[in-house]
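Asks: structure for the following, please:
(one chain, ligands or ions: 2)
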Amino acid sequence: MDKPGIVVAGASGRMGQMLIQLIGDSDQARLVGAVDRPDSPWIGQDVGTAMGGAAMGIVVTDDPIEVIAGAQAVIDFTSPAATVALAELTAQARAVHVIGTTGLSEGDLKHIAAAARHAPIIRAGNMSLGVNLLVGLTRKVAAALGEDWDIDVVEAHHRHKVDAPSGTALMLGEAAAEGRGKSLDDLRTPAREGITGAREEGSIGFAAIRGGDVVGEHDVIFAADGERVVLRHLATDRAIFARGALRAALWGQDKGPGEYDMSDVLGLG
Ligand SMILES: NC(=O)C1=CN([C@@H]2O[C@H](COP(=O)(O)OP(=O)(O)OC[C@H]3O[C@@H](n4cnc5c(N)ncnc54)[C@H](OP(=O)(O)O)[C@@H]3O)[C@@H](O)[C@H]2O)C=CC1
Ligand SMILES: O=C(O)C1=N[C@H](C(=O)O)C[C@H](O)C1
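Replies: Ligands and ions are numbered 1, 2, ... in the order given. Modelled structure (predicted):
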């Protein structure tokens with residue numbers, strides 16, 4: 001069988017460039033399209049030269065329909081509005097849609113669920129192996145420790161990040177809540193500022209740091225009287241997310257319509 005043809009959405013972005021490099025070097029997939037926002041200076045340029053390297057024979061377009069029609073998968077690290085629009089197009093083309101975009105609203109998730117009735121969608125707030133392992137550990141530790149252990153998720157990212165808490169922090173918070181047999185919606189405490197009052201037992205808090213070029217750091221802190229357990233993941237290279245996304249696009253090739261996540265792709269159950 002031919003190598004699956006992959007379109008990268010958000011080509012000029014931090015993750016987009018990482019993915020174009022990875023797919024260009026891959027012997028398991030072909031780059032068949034690069035999509036960027038209509039006002040991007042990259043539109044009409046060869047994606048390889050736009051990245052400052054050799055031409056790759058793929059011209060960056062602002063028309064996703066034209067390239068998705070000939071693709072088996074779209075890898076999408078863009079913005080919530082772009083992701084919702086792409087989900088409709090990948091559903092029509094019956095192509096695998098790998099979504100790394102974070103900051104999606106409840107409404108956005110409903111659109112994505114509707115699109116997944118027609119094609120496979122693999123979505124995760126973090127595509128790395130390490131974080132997806134940490135999700136399982138967080139669920140286990142939360143289940144093992146009683147509600148007298150307070151849980152907070154602290155994350156740090158680069159100065160350009162626009163959403164908080166990060167998608168990863170929310171995945172970890174959801175896992176902690178699941179470990180306690182609850183939903184995060186029931187346990188999540190609003191961001192703290194001013195006279196917040198004392199901590200509510202069993203609640204899960206979030207704190208975000210933004211600065212410099214931090215790729216992504218996450219701590220899940222379990223704090224009790226006299227001791228703390230801290231589960232930590234440090235990302236030092238965005239390639240870990242790109243590799244996970246490409247793996248997801250290949251894994252999805254023989255899957256039916258539906259919503260999947262990285263624990264499905266990685267077989268973490
Ligand atoms: N799940 C995971 O493992 C990871 C998720 N992410 C998430 O991925 C997303 C992107 O991150 P990052 O690459 O750092 O961000 P960037 O801002 O660097 O890249 C996003 C790209 O998408 C482009 N874009 C915006 N709208 C459209 C559109 N309508 N059509 C096509 N392209 C569009 C942007 O263009 P322009 O610059 O002109 O706006 C930009 O090039 C974020 O939500 C981030 O949180 C990031 C890393 C890992
Ligand atoms: O915006 C980023 O950079 C990242 N976003 C994801 C998130 O919101 O958790 C994943 C990773 O931490 C990098």
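Asks: okay, now the nearest residue to residue 45 once chain neighbours are set aside: neighbour count?
Replies: Spatially, and ignoring its direct neighbours in sequence, residue 45 is nearest to residue 60 (5.6 Å; Cβ to Cβ, 6 or more residues apart in numbering). (Glycine included, C-beta is placed from N, CA and C.) By other Cβ atoms under 10 Å, the residues close to residue 60 number 25.
Asks: ramachandran coordinates for residue 60?
Replies: According to degrees, to the nearest 10, the main-chain angles of residue 60 amount to phi -70, psi 130.
Asks: surely it and residue 41 touch.
Replies: No: if you go by Cβ atoms under 8 Å, residue 60 and residue 41 don't touch, sitting 9.4 Å apart.
Asks: what residues are shared contacts of these two?
Replies: With contacts taken as Cβ atoms under 8 Å, 6 or more residues apart in numbering, the residues that reach both residue 60 and residue 41 are residue 12.
Asks: residue most distant from the centroid, the chain?
Replies: residue 226 (35.5 Å; Cα atoms, centre = their mean).
Asks: per-residue confidence at it?
Replies: Per-residue confidence for residue 226 comes out at a pLDDT of 98.
Asks: what's the answer for residue 262, then?
Replies: The model reports residue 262 with a pLDDT of 98.
Asks: kindly report the same for the one 4 residues further on.
Replies: pLDDT, residue 266: 97.
Asks: from residue 26, how far out is the nearest residue to residue 142 once chain neighbours are set aside?
Replies: What sits nearest to residue 142 in space, not counting adjacent residues and going by Cβ to Cβ, 6+ apart, is residue 179, at 2.9 Å. Between residue 179 and residue 26 the computed distance is 36 Å (Cβ to Cβ, to the nearest Å).
Asks: who's more crowded, those two?
Replies: Between residue 179 and residue 26, counted using other Cβ under 10 Å, the more crowded position is residue 179 (19 against 15).
Asks: check contacts around the more buried one.
Replies: Contacts here follow Cβ under 8 Å, 6+ apart; on that basis residue 179 touches 138, 139, 140, 141, 142, 143, 144.
Asks: inside strands: which ones of those residues?
Replies: Taking DSSP state E as the definition of strands, the contacts of residue 179 contribute nothing to them.
Asks: nearest to residue 196, of those?
Replies: The shortest gap between residue 196 and any of the contacts of residue 179 belongs to residue 142, at 22.3 Å (Cβ to Cβ).
Asks: what does the protein put close to ligand 2?
Replies: 102, 125, 126, 157, 161, 166, 167, 168, 216 (Cβ under 6 Å from any ligand atom).
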